[in-house]
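# I would like to see how this sequence folds:
(one chain, ligands or ions: 1)
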Amino acid sequence: MIIRARTVATMDGPPIEDGAVAISGNRIIDVGKFPGVSARHSGQETVDLGEQALLPGLINAHCHLDYTSLRGKIAPQKSFADWIRAINAEKAKLAADDYLASITDGFTEAKRFGTTTVANLTAFPELVSQIKSPIRTWWFAELIDVRSPERANELVDLAIKSLKSEEKWGLAPHALFTASVNLYRRCEEIARRQNVLLTTHLAESREEMAMFRDGSGPLYDFMKSIGRSMDDCGQETPLERFFNPAPSTSLRTGSGRALQNWIVAHLNELTESDFDLLEASKRKFHVVHSPRSHGYFAHSRFPFKKLRALGFNICLGTDSLASNESLSLFAETRAFQRSEPGISPDKILEMVTVNAALALHQENALGRVRPGFQADLVSIPYSGSPNLFEEIVAFDGPVNWMMVNGRM
Ligand SMILES: [Zn+2]
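Numbers count the residues shown, from 1 in each chain. Below is the predicted model of the structure:
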């Protein structure tokens, strides 16, 4: 099959005017000007999308579809700890069927806005076998052992039992304040053995910084009140804790961790010494920023330019609808552009295509329109203006056409 469009933004060199993509099965087999592609694949069915820009399907690098049904339910709170209390109260009203419906609705919405791949954290890995995801999904088991740290290994093993029949899965110790050192360690052991991806929330809020570095603040008080051992607080920043969970054994440079397997969400709170640590770290993890969720919480400014200068691969994600209003990645690129107006729109689009593919270790399969890559494509209206990427980033609404894994 051949798909033709007014322009193809391949993310793999300059856009191709009057471009076309040839598809065989679930793969892209040819990309170029329409006359050339159609001559090389004569007799193939052609779909002409007309005045459209064809681009790679978008990749959401951080999402919790579990909470799609919580859209609009939680107003911004005075503190991050209060927000955790509020989401816990909402979660208490939901049963397994509600979560199944929430995840299913989330997939439908993400797809409508042009997302063809999602890194989705779920607190319910046992439900995953009942869900048929309509887009490419990395299922990360979100793990919390704050109320039963002695069960860390058991929790991880149970999650793996549920997820191992999935093609693409990973582990997500929730955050340093809810997951024990042993839980992180167990997840890393598995990741090293089975080469699966890891993700976590790190240095998200001022309160997380106050808890770990100063041993005080609303999050400190809340976690203490639910019985967490606070022995690890009052000394180091969250990043230092992440790099250096057991001071006597691991290196302060972070080289003890299999960092290339980690996708780290947030990183809003970093001290000058944290940046030194990041600079010293030879191997880099991947970073996900969620611009609209960030705005909802009024977190400290995300240090995009500093992280980029240090060589970090930075992606965008929606986070959950408990702190965001839609699952549109176009809305995230727009929100990001408002906070970083100096970054060119093509670089912003890379954050939801090429960069996110790299974070998922799919740089040779996803995020570009290139022969040999998976046939995940979306198209949006294009006026023909010279500012193609500006138009793409400004796009608001459901996509006109899409293909996931070679299927329209
Ligand atoms: Zn999250």
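
# SS state for the spatially most central residue of the chain?
Geometric centre of the chain, nearest residue: Ala61, 1.6 Å, by Cα atoms, centre = their mean. Taking DSSP: H, G, I helix; E, B strand; the rest coil as the rule, one finds Ala61 in the strand state.

# Can you name the next helix or strand after the top helix by length along the chain?
Longest helix in the chain by number of residues (criterion: DSSP state H): helix 96-112. Following helix 96-112 in sequence order, the next helix or strand is strand 115-122 (DSSP states H and E).

# Now do the residue located most distally from the centre of the chain against Ala119, distance only.
When distances are taken from the C-alpha mean of the chain, Gly43 lies farthest, 39.8 Å away, according to Cα atoms, centre = their mean. Between Gly43 and Ala119 the distance, using Cβ to Cβ, to the nearest Å, works out to 39 Å. Placement of C-beta: from N, CA and C, glycine included.

# before we move on, what about Lys73?
In this structure, Lys73 and Ala119 are 23 Å apart, going by Cβ to Cβ.

# Which one's more surrounded, the two?
Counted by other Cβ atoms under 10 Å, Lys73 and Ala119 do not tie: Ala119 has more neighbours, with 27 against 14.

# how about the nearest residue to the more buried one, chain neighbours excluded?
Nearest-residue entry for Ala119: Trp138, 4.7 Å, with adjacent residues in sequence omitted and distances by Cβ to Cβ, 6 or more residues apart in numbering.

# Show residues contacting stretch 219-234.
Under the criterion Cβ atoms under 8 Å, 6 or more residues apart in numbering, residues 79-81, 84-85, 146-147, 149, 176-178, 181, 205, 207-208, 210-216, 241 lie in contact with stretch 219-234.

# re the thing from before, would you mind measuring from the residue nearest to Ala119 to Val31?
Counting by Cβ to Cβ, the separation of Trp138 from Val31 is 25 Å.

# Show me where the stretch 101-250 of the chain dips below the pLDDT cut-off.
In the prediction, the stretch 101-250 of the chain carries residues with pLDDT under 70 at positions 246-250.

# need the helices for it, in chain order.
With helices called from DSSP state H, counting those that start in this stretch, the stretch 101-250 of the chain shows them at 152-163, 181-194, 206-209, 218-225, 238-243.

# in the fourth one, what's buried?
It refers to helix 218-225. Along helix 218-225, the positions that meet the burial threshold by neighbour count (16 or more other Cβ atoms under 10 Å) are 218-220, 222-223.

# of all those, which comes closest to Leu377?
Taking Cβ to Cβ as the measure, Leu219 is the one of the buried residues of helix 218-225 closest to Leu377, at 42.6 Å.

# Which residue, other than its chain neighbours, is closest to that closest one?
Of all residues beyond its chain neighbours, the one nearest Leu219 is Glu207 (3.7 Å), with distances taken as Cβ to Cβ, 6+ apart.

# cool, Met209 as well?
Excluding the flanking residues, the one nearest Met209 by Cβ to Cβ, 6+ apart is Glu269, at 4.3 Å.

# ok, now Gly215?
Nearest in space to Gly215, with sequence neighbours left out and distances taken as Cβ to Cβ, 6+ apart, is Gly234 at 2.7 Å.

# Which residues are in contact with the residue nearest to Met209?
With contacts defined as Cβ under 8 Å, 6+ apart, the neighbours of Glu269 are 203-206, 208-209, 237-238, 299-300.

# Which pair of the residues you listed spans the longest distance?
Farthest pair in the contacts of Glu269 (Cβ to Cβ) is Thr237 and His299. Separation: 15.3 Å.

# sorry, back to before: distance of the residue nearest to the centre of the chain from Asn355?
When Cβ to Cβ is the yardstick, Ala61 and Asn355 sit 8 Å from each other.

# How many residues are close by the residue nearest to Arg186 when sequence neighbours are not counted?
Nearest in space to Arg186, with sequence neighbours left out and distances taken as Cβ to Cβ, 6+ apart, is Val156 at 4.6 Å. For Val156, the neighbour count with other Cβ under 10 Å is 23.

# Against Asp232, how distant is Val156?
Here the distance between Val156 and Asp232 works out to 20 Å (Cβ to Cβ).

# re the thing from before, neighbour-wise, which of Trp138 and Val31 wins?
Trp138 (26 against 22).

# Hmm, that one is touching Val128, no?
No - at 11.3 Å, Trp138 and Val128 do not qualify as touching, with contact defined as Cβ atoms under 8 Å.

# In three-state terms, label the residue nearest to Met209 for me.
Put simply, Glu269 is coil when judged by three-state DSSP.
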